[in-house]
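**Q** generate coordinates for the sequence data below:
(2 chains)
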Amino acid sequence: MTMKADMVIDAKGLACPMPIVRTKKAMNQLEAGQILEVHATDKGSKSDLTAWAKSGGHELLDDTEQDGVFIFWIKKAE
Amino acid sequence: MSVTTWTAADVAKKVINKDELFILDVRNQDAFADWKIEGENIEYLNVPYFELLDGVEPIIDKIPTDKDVLVVCAKEGSSEMIAEMLSDEGMDVYQLQGGMKTWSEHLEPVKISDLKGGGAIYQFVRLGKGCLSYMVISGKEAAVIDATRMTDVFKDFAEKMGVSIQHVFDTHLHADHISGGKNLADETGATYWLPPKDAVEVTFSYEPLEDGNQITIGETAIQIHALYSPGHTIGSTSFIVDDTYLFTGDILFIDSIGRPDLAGKAEDWVADLRESLYSRYRELSEELTVLPAHFMITSELNEDGSVAERLGTLFARNHGLNIKDEDEFRSLVTENLPPQPNAYDEIRKTNMGKIVPNEEAQREMEIGPNRCAVR
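**A** Numbering: from 1, shown residues only, chains lettered A, B, ... in the order given. Reported below is the predicted structural model:
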């Protein structure tokens, strides 16, 4: 599946905490309501990104896994 | 100030000594709620690392300065980062090498006792998961019971003790952790024993472990007697070693009893469980020392870190052995059960040899507590 993203970050091959550190930095550059697409391979990234998005008020629109790569679409908090 | 790294063995010593410790667990809240480092004098603070990326000021006041502070995460990356941030704020802190992943795999060997005719029994306490494995040593030979998948630990220990592993037993087909039994036997040339009623679907060869089997270890002839005691699984088998020790597998624990539902057959197996606990074990000497395959809470640990108790004491104190009414017993072990262990169905398939996940996948499958008991 695909979704139009305003920015894509590649966190593949990075171990915790780097996927979230990168995601947070990228999110700071976006405007409210814009969508960030994150690619990661760390298995813990799904539960951590979900919890992080929730705590920051961001919305995890969707996520999927393709060949061991987790892809997340997160909408920045209004 | 500074960050010092503690290994899982360092933390295990603290838990066994019941030392005071403050753990800052920076995993997400679900992971912490599911499973953490347990200890009687441990105080906790759980704040996910991703809420501290802008700084640790919000939690500084909550961290004590009068006791050791250990920062813990899943695999070490985040605990290292947060520990450095605390150090930059002027604190001395510790962080756990390898995180909860390594904690889950750490085995702490504890000597249970010398045996009458020479030799000894050692218990391998897996604090992070509550699993207990055993090595019985006599002369130049050893037997291993309920080995975890970290087979190097047993091979290294045997080498250190100057013994060769001759027999490897599983008391039953495990559902909460991946057995190292078959691999350990293959790697050491030992015989692998498994109860045949639990092994109908296994894909490898094994020696059938049946009621009345007697196996001798070493020149001083330590006898291992098998005692069929179904209920947690249909094949569950106990052992009496040296006429003194009762290895109960997952049938009887110190403060709880086995659950009959992990193969989806609670209603069928509840009568077996009752028969094993209330009849077969009742016929045994109360002086036997019970050595179970699990513990649930660290208060079940003795002073030296071992998990062992007199059978007679368990008959007096273990609630699960003192339910007179059969219907009440049935409802205890079939209703309101704790959640089933993580990935228990995949773990059973792995232990049957039906699937062979890679090491990383096996680690993931074993995350979390064992949950084999009902209280």
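**Q** point to the residue nearest the middle of chain B.
**A** Central residue of chain B (Cα atoms, centre = their mean): B:C131, 0.4 Å from the mean position.
**Q** am I right that A:G13 is in contact with A:H39?
**A** No - look at A:G13 against A:H39 with Cβ atoms under 8 Å: they stay out of range, at 9.9 Å. Bear in mind the C-beta positions are built from the backbone N, C-alpha and C, glycine included.
**Q** of those two, give the one with the bigger neighbour count.
**A** Higher neighbour count among A:G13 and A:H39: A:H39, with 17 against 12, using other Cβ atoms under 10 Å in any protein chain shown.
**Q** helices or strands next to the helix or strand hosting the more buried one in the packing?
**A** If you go by DSSP states H and E, A:H39 is part of strand A:35-40. Applying 3 or more Cβ pairs under 8 Å, 6 or more residues apart in numbering or on different chains; DSSP states H and E, we find strand A:35-40 packed against strand A:7-11, helix A:18-29, helix A:45-56, strand A:69-75.
**Q** want to throw these into a markdown table with distance to chain B?
**A** Supplementary listing: these in a markdown table, determined by distance: least, Cβ to the nearest Cβ, whole Å:
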| stretch | distance to chain B |
| --- | --- |
| strand A:7-11 | 13 |
| helix A:18-29 | 5 |
| helix A:45-56 | 4 |
| strand A:69-75 | 13 |
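**Q** nearest to B:I23, of these?
**A** helix A:45-56 (18.8 Å; Cβ to Cβ).
**Q** quick one: distance of that closest one to the chain centre.
**A** Relative to the centre of its chain, helix A:45-56 is centred 9 Å away, using Cα atoms, centre = their mean, to the nearest Å.
**Q** what residues does the stretch 251-375 of chain B have near chain A?
**A** With Cβ under 8 Å from any Cβ of the partner chain as the criterion, the stretch 251-375 of chain B comes near chain A at residues B:E364.
**Q** and the residue of the stretch 251-375 of chain B closest to chain A?
**A** Nearest residue of the stretch 251-375 of chain B to chain A: B:E364, at 6.4 Å (Cβ to the nearest Cβ).
**Q** thought that residue was touching A:K43?
**A** Yes - here B:E364 reaches A:K43: they are 6.4 Å apart, a contact under Cβ under 8 Å.
**Q** related to what we said a few turns ago, what's the separation between the residue nearest to the centre of chain B and A:E78?
**A** Noted for B:C131: a distance of 48 Å to A:E78, by Cβ to Cβ, to the nearest Å.
**Q** ok, now which ones touch B:R282?
**A** Residues in contact with B:R282 (Cβ atoms under 8 Å, 6 or more residues apart in numbering or on different chains) are B:F315.
**Q** try B:P208
**A** B:P208 is in contact with B:193-196, B:199, counting by Cβ under 8 Å, 6+ apart.
**Q** one more: A:K76?
**A** Listed by Cβ under 8 Å, 6+ apart, the contact set of A:K76 reads A:27, A:30-36, A:58.
**Q** buried ones among the residues you listed?
**A** A:27, A:30, A:35-36, A:58 (16 or more other Cβ atoms under 10 Å in any protein chain shown).
**Q** re earlier: what's across from the residue nearest to the centre of chain B in the sheet?
**A** The partner list for B:C131 in beta bridges (DSSP bridges) reads B:R126, B:H294.
**Q** what's it in contact with, if anything?
**A** Contact partners of B:C131, counting by Cβ under 8 Å, 6+ apart, are B:146, B:148, B:176-177, B:293-294, B:370.
**Q** out of those, show me where the pLDDT dips lowest.
**A** Checked by pLDDT, the contacts of B:C131 have B:N370 as the lowest-scoring entry (73).
**Q** once you drop chain neighbours, what's closest to B:N370?
**A** If you skip the residues right next to it in sequence, B:N370 has B:D176 as its closest partner in space, 4.1 Å away by Cβ to Cβ, 6 or more residues apart in numbering or on different chains.
**Q** any idea which of the contacts of B:C131 is closest to A:G68?
**A** Set against A:G68, the nearest of the contacts of B:C131 by Cβ to Cβ is B:H177 (24.9 Å).
**Q** state the distance from the closest one to chain A.
**A** With the distance defined as Cβ to the nearest Cβ, to the nearest Å, B:H177 ends up 19 Å from chain A.
**Q** tell me what the one residue sitting closest to the centre of chain A is bridged to.
**A** Central residue of chain A (Cα atoms, centre = their mean): A:V38, 3.9 Å from the mean position. Applying DSSP bridges to A:V38 gives these bridge partners: A:I9, A:F72.
**Q** surely it touches A:F72?
**A** Yes - judged on Cβ under 8 Å, A:V38 makes contact with A:F72 at a distance of 4.5 Å.
**Q** A:T41: how many residues sit nearby?
**A** Using other Cβ under 10 Å, A:T41 has 16 neighbouring residues.
**Q** what's the burial count for B:Y44?
**A** B:Y44: 15 neighbours (other Cβ under 10 Å).
**Q** looks to me like it is in a strand.
**A** Yes - applying DSSP: H, G, I helix; E, B strand; the rest coil, one finds B:Y44 inside a strand.
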